[in-house]
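Q: predicted structure and sequence below. I'll ask about it afterward.
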Amino acid sequence: MNKEQTLEFLSKAADLHASDIFIIAGRPLSIKTDGRLSTYGDRLMPEQTSEILEAIYQMANNRDISRLHNTGDDDFSFSIPGLSRFRINAYKQRGSLAAVIRVIAFQLPDPAELSIPEDVMSIADLTKGMVLVTGSAGSGKSTTMACLIDRINHSREGHIITLEDPLEYLHRHDRCIVSQREICTDTENYITSLRATLRQSPDVILLGEMRDHETIQTAMTAAETGHLILSSLHTLGAANSLNRIIDVFEPSQQHQIIMQLSMVLQAVISQQLVPDVNGKNIPVFEIMRLTPAIRNMIRDNKIHQIDGVISSSPGQMRSMDQSLFELYKNGRITKETAINYAMNPEMLRRRLG
């Protein structure tokens, strides 16, 4: 495929509202829409995947493809005017070049259209502390964080700095000034950029992902000094997310981290995508807000008790299984889907009868 044919295929994927495109030798070009894969054309040979990747690198401002050849991995994003943005993860497999491409619309997502409820969006009203958006890869964390940043951008004044690898949604300056920095392109790495950010008069910092103890430590220090920090983790469930953060640190450091978490954490939003009755993916949320009781549980390292508090605090918070139950009750998902995606399937099965 030459550059024109590659562009034509990217256009087709964007028109079909695909979430991902797969370019892998041994099978045809594939796109994923609402969790289902469709294939186009004949099986690709290794030389064809190389041609497609070279065309994509040309479209991405003639990005140097030698990094991919030398290291076997490359992450970047680029825009095609009038069409869409694309986030590329290019890699080698079985000695041939391959890529998975995330399709990102130019316009920022509308929370109502995406079924993101107001009790999730109201997290944007927070002005300091740390907010975690958690879930497995591809569960919509970046989209939820983009919606929260957009709400902040249109509702109050300040300086928003996003640190992402790579950049996904593009934000225009509105009531806020928005600085968007791409790791490896605009700055060296997360920890370097995060430390620099604290000298750039930020009010809100979006940290694409907390990958190691050093980044987590710096992010919590930033939250302690009065900034609002939004970040993501690849965990499902508020309690699991807290345990993941604590376990990253050496045992000798864990007491201090637990104390910091109990003070700076403001909310944990956990999400997954589930198929609705029409086969379209919709998000399901667990929301934990830091009440005095939950702060005490974190401080006393009784994190295993948090799930019970979330379940017994309707109005303030919601558990994943409560959200699934509500979606089933409103006719949006089937009983089987609710049970399959539940955190406690047996208990939900009894509740559903």
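A: Arrived safely, thanks for sending. Numbering: from 1, shown residues only.
Q: partners of the helix or strand containing residue 103 in the sheet?
A: Assessed by DSSP states H and E, residue 103 sits inside strand 96-104. Sheet pairing of strand 96-104 (DSSP bridges) gives strand 20-23 (antiparallel), strand 84-93 (antiparallel).
Q: low-scoring stretches of the chain, by residue?
A: Within the chain, no range satisfies pLDDT under 70.
Q: would you map the strands across it?
A: With strands called from DSSP state E, the chain shows them at 20-23, 29-33, 36-40, 73-80, 84-93, 96-104, 129-134, 158-164, 176-182, 204-207, 228-233, 265-275, 281-289.
Q: format these as CSV; extra columns: mean neighbour count.
A: For the C-beta atoms, the positions are set from N, CA and C on the backbone; glycine is no exception. Listed next are the strands of the chain as CSV, based on neighbours: other Cβ atoms under 10 Å:
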stretch, mean neighbour count
strand 20-23, 20
strand 29-33, 20
strand 36-40, 12
strand 73-80, 18
strand 84-93, 19
strand 96-104, 20
strand 129-134, 24
strand 158-164, 22
strand 176-182, 18
strand 204-207, 26
strand 228-233, 24
strand 265-275, 23
strand 281-289, 23
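Q: could these go into a markdown table alongside distance to residue 318?
A: Below are the strands of the chain laid out as a markdown table (distance: least, Cβ to Cβ, whole Å):
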| stretch | distance to residue 318 |
| --- | --- |
| strand 20-23 | 29 |
| strand 29-33 | 28 |
| strand 36-40 | 28 |
| strand 73-80 | 33 |
| strand 84-93 | 30 |
| strand 96-104 | 28 |
| strand 129-134 | 15 |
| strand 158-164 | 27 |
| strand 176-182 | 29 |
| strand 204-207 | 24 |
| strand 228-233 | 19 |
| strand 265-275 | 10 |
| strand 281-289 | 5 |
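Q: residue 119: which of these is closest?
A: Among the strands of the chain, the nearest to residue 119 by Cβ to Cβ is strand 281-289 (6.0 Å).
Q: angle of that closest one against strand 265-275?
A: 160 degrees (axes from the mean of the first three to the mean of the last three Cα atoms, to 10 degrees).
Q: name the residues linked to residue 281 by a beta bridge.
A: residue 275.
Q: quick check, it in contact with residue 35.
A: Yes - the pair residue 281 and residue 35 passes the contact test of Cβ atoms under 8 Å, sitting 5.5 Å apart.
Q: quick one: residues contacting residue 147.
A: By Cβ atoms under 8 Å, 6 or more residues apart in numbering, the residues touching residue 147 are 108, 109, 111, 114, 116, 121.
Q: list buried residues within the residues you listed.
A: 108, 109, 111, 116, 121 (16 or more other Cβ atoms under 10 Å).
Q: excluding its backbone neighbours, what's nearest the second one?
A: On the basis of Cβ to Cβ, 6 or more residues apart in numbering, the spatially nearest residue to residue 109 that is not a chain neighbour turns out to be residue 143, at 5.4 Å.
Q: residues in contact with the one you found?
A: Going by Cβ under 8 Å, 6+ apart, residue 143 touches 109, 114, 169.
Q: over to the first one: give its phi and psi.
A: Listed backbone geometry of residue 109 is phi -70, psi 150, with angles given as degrees, to the nearest 10.
Q: next: the second one.
A: The phi/psi pair for residue 114 (degrees, to the nearest 10) reads phi -90, psi 0.
Q: and what of the last one?
A: Note on residue 169: backbone dihedrals following degrees, to the nearest 10 are phi -70, psi 140.
Q: gap between it and residue 25?
A: Residue 169 sits 31 Å away from residue 25, taking Cβ to Cβ, to the nearest Å as the criterion.
Q: ditto for residue 302
A: Distance of residue 302 to residue 25, computed by Cβ to Cβ: 51 Å.
Q: which of these two has more neighbours?
A: residue 25 (18 against 11; other Cβ atoms under 10 Å).
Q: tell me the contacts of that one?
A: Shown in contact with residue 25 (Cβ under 8 Å, 6+ apart): 44, 45, 46, 48, 49, 93, 94, 96, 98.
Q: wait, which of the strands of the chain is closest to residue 242?
A: Per Cβ to Cβ, nearest to residue 242 of these: strand 265-275, 7.5 Å.
Q: the closest one versus strand 36-40: what angle between them?
A: Using the same axes, to 10 degrees: strand 265-275 against strand 36-40 is 60 degrees.
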